[in-house]
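Trainee: the following comprises the amino acid sequence and a computationally predicted model.
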Amino acid sequence: MTRTLAIIAVTALAVTVSAAEKPNVLFIASDDMRPQLGCYGDPVVKSPHIDALAKRGMVFKQSYVQQALCSPSRISMLSGRYPATTGIFEIGRTLRTTMPDITTLPQHFKNHGYHTRSLGKIYHVGIDDDASWTIPAWHSKQPRHSAATQAAVAKYIADAKAKGVTLPTKGKGSRMAAVPPFEAVDCDDDHLLDGDTAKNAVAQLHEYAKNPDQPFFLAVGFANPHVPWIAPKKYFDLYDPATLRLAKNEFLPKGAPVFAATSGQDFRWYAGVPEGDLPEPYKRQCLQGYLAAISYVDAQVGRLIATLDETGLAKNTVVVFWTDHGYYMGEHTWWGAKHNNYEGATRNALIIATPDQKTAGRTTDALAQSVDLAPTLTELCGLPASAGFQGRSLKPVLDDPAATVNEGAFSWYPKSGYLGVAMRTGMWRFVRWTKAGVPPVYELYDSIGDPQNDVNLADRPENRQLIASLSAQLLARFPVQEFRPPPAEQAKKAKKQTRAR
């Protein structure tokens, strides 16, 4: 009996030691932040805390999301699967509507003894996944807006109710019509949503520090700089609108298919946005708001990293800073938008820092994808590999910035009945659009000479062989599929067809 108890005690001790040796993960996500940071070479933005994190880790200069839309991008990253596998290309459905038995990235960690927790926007708000987390996801109840804007929204809703008008839940005419697209609020950080999220994340890190034998996967998501760009006034004061540079390519991609060269209209839903072309002073105010929102997030990231240092957790915590897609601020005429397959929409910011990283402070041009994070973190933390993860571990690149693990980075977007699959290689951005009953449509951009995708080269006779070669490379990896609308859209379409008959 005594011997049996001794064996159990030794076994328990072994498990405890093993757990203590497992690296923790702090996963930080920011919404709609393109790689406009000091560590990415931007000379204007004030991002000292994210830049400091970059000095502790590695900056991936050529990182790409699998779809330039919040929910599908996040679902793809957190599941470790491409959108072609999840079948989710829109905001609305949860992951388990299409893959009920899937094991996600945080769930994989939870299954191997980690305490997994989500604070703020990690999955899309309202489209979460309970199985991923040890306890239900938490969202701050603090507002994103000032008290004046909250009052304006309340009045807008009350006036509509008095008139018997039913407001749409989102889009043009919704309550967003009472919210300005940018606003400097005279308040402390914690009085708005992102500051409160950081405050609670700091408290959670202190709780973890009390129990060092319990490894954790803590995901912290910030809502900024998604429009509306609302932040404490001190961050607006960092930027003089008159000195900010406007985009030089305020025109649609030349030679691009009309259906492809479009983006979202979210920005136009907000209060006071001028119709048509924006006046130049207004554009500069928009840029000021966007940069202020980035600096607000940067300060919150600084609070998290400082807490890791203060508690000693930094010695055994892998930190990831990830953004869910790119963004347009005037390029190609698009403001506060993404929603397409171009470089500006699909390129994101990615920084990975490991304890005692030998390549700390380095950058890499190696192609990286959001789906790569699941196998990367699994390997870095010594967990068993998951056969379901479709990306490739970036650990060889973390060990050697010159290493290569991807021959291409892939992104999806459905438009006008077409499904576009983009392949970003070291030299080219190639997009193949397919639709039932019509020949494929192509886009080709020189990523070296034309990094913002201003001129489509696909129709030039001298590029026919190149198009064929890139198409074969893409199809060898992913057979292009027809876009299948979500069930609600299919039902709506069937209803319209029935009426037409």
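Mentor: Structure's in. What do you need?

Trainee: next SSE after the helix or strand where residue 157 lies?
Mentor: Under the criterion of DSSP states H and E, residue 157 resides in helix 147-162. Downstream of helix 147-162, the first helix or strand assigned by DSSP H and E is strand 182-185.

Trainee: sheet partners, orientation included, of that next one?
Mentor: For strand 182-185, the paired strands and their directions (DSSP bridges) are strand 229-232 (parallel).

Trainee: what's the helix holding residue 157 in contact with?
Mentor: With CB atoms under 8 Å, 6 or more residues apart in numbering as the contact definition, helix 147-162 has outside contacts at 143, 145, 166, 167, 175, 177, 178, 179, 180, 183, 230, 271. Quick note: C-beta positions are derived from backbone N, CA and C, even for glycine.

Trainee: possible to save those as CSV with pLDDT?
Mentor: Formatted as CSV, the contacts of helix 147-162 follow (pLDDT from 0 to 100):
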residue, pLDDT
143, 95
145, 93
166, 91
167, 92
175, 92
177, 93
178, 95
179, 96
180, 96
183, 97
230, 96
271, 96
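
Trainee: from residue 371, how far out is residue 405?
Mentor: 12 Å (CB to CB, to the nearest Å).

Trainee: also residue 148?
Mentor: Applying CB to CB to residue 148 and residue 371 gives a distance of 42 Å.

Trainee: can you report phi and psi for residue 64?
Mentor: phi -140, psi 140 (degrees, to the nearest 10).

Trainee: touching, it and residue 372? I think so.
Mentor: No - taking contacts as CB atoms under 8 Å, residue 64 lies outside contact range of residue 372: 9.8 Å.

Trainee: where does the protein dip in pLDDT?
Mentor: Along the chain, segments meeting pLDDT under 70 span 1-20, 480, 488-501.

Trainee: again, 80 this time
Mentor: 1-21, 480-485, 487-501 (pLDDT under 80).

Trainee: top helix in it by residue count?
Mentor: As assigned by DSSP state H, the longest helix anywhere in the chain is helix 280-311.

Trainee: would you mark the buried spots in it?
Mentor: By 16 or more other CB atoms under 10 Å, the buried positions in helix 280-311 come out as 282-305, 307-308, 311.

Trainee: likewise for stretch 190-204?
Mentor: By neighbour count on 16+ other CB under 10 Å, the buried set for stretch 190-204 is 190, 192-202, 204.

Trainee: kindly report the same for stretch 135-147.
Mentor: 137, 139, 140, 143, 144, 145, 146.

Trainee: got JSON lines for those residues, with distance to residue 386 and secondary structure too?
Mentor: As requested, these are exported to JSON lines (distance: CB to CB, whole Å; DSSP: H, G, I helix; E, B strand; the rest coil):
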{"residue": "137", "distance to residue 386": "21", "secondary structure": "coil"}
{"residue": "139", "distance to residue 386": "28", "secondary structure": "coil"}
{"residue": "140", "distance to residue 386": "31", "secondary structure": "coil"}
{"residue": "143", "distance to residue 386": "39", "secondary structure": "coil"}
{"residue": "144", "distance to residue 386": "35", "secondary structure": "coil"}
{"residue": "145", "distance to residue 386": "40", "secondary structure": "coil"}
{"residue": "146", "distance to residue 386": "44", "secondary structure": "coil"}
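
Trainee: make JSON lines out of those residues and add distance to residue 458.
Mentor: Below are the buried residues of stretch 135-147 laid out as JSON lines (distance: CB to CB, whole Å):
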{"residue": "137", "distance to residue 458": "43"}
{"residue": "139", "distance to residue 458": "43"}
{"residue": "140", "distance to residue 458": "46"}
{"residue": "143", "distance to residue 458": "46"}
{"residue": "144", "distance to residue 458": "41"}
{"residue": "145", "distance to residue 458": "44"}
{"residue": "146", "distance to residue 458": "47"}
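
Trainee: quick one, what contacts the residue positioned nearest the centre of the chain?
Mentor: By CA atoms, centre = their mean, the mean C-alpha position of the chain lies nearest to residue 324, the distance being 0.6 Å. By CB under 8 Å, 6+ apart, residue 324 lies in contact with 29, 30, 31, 32, 65, 70, 73, 74, 77, 348.

Trainee: try 7 Å this time
Mentor: The contact partners of residue 324, by CB atoms under 7 Å, 6 or more residues apart in numbering, come to 29, 31, 65, 70, 73, 74, 348.
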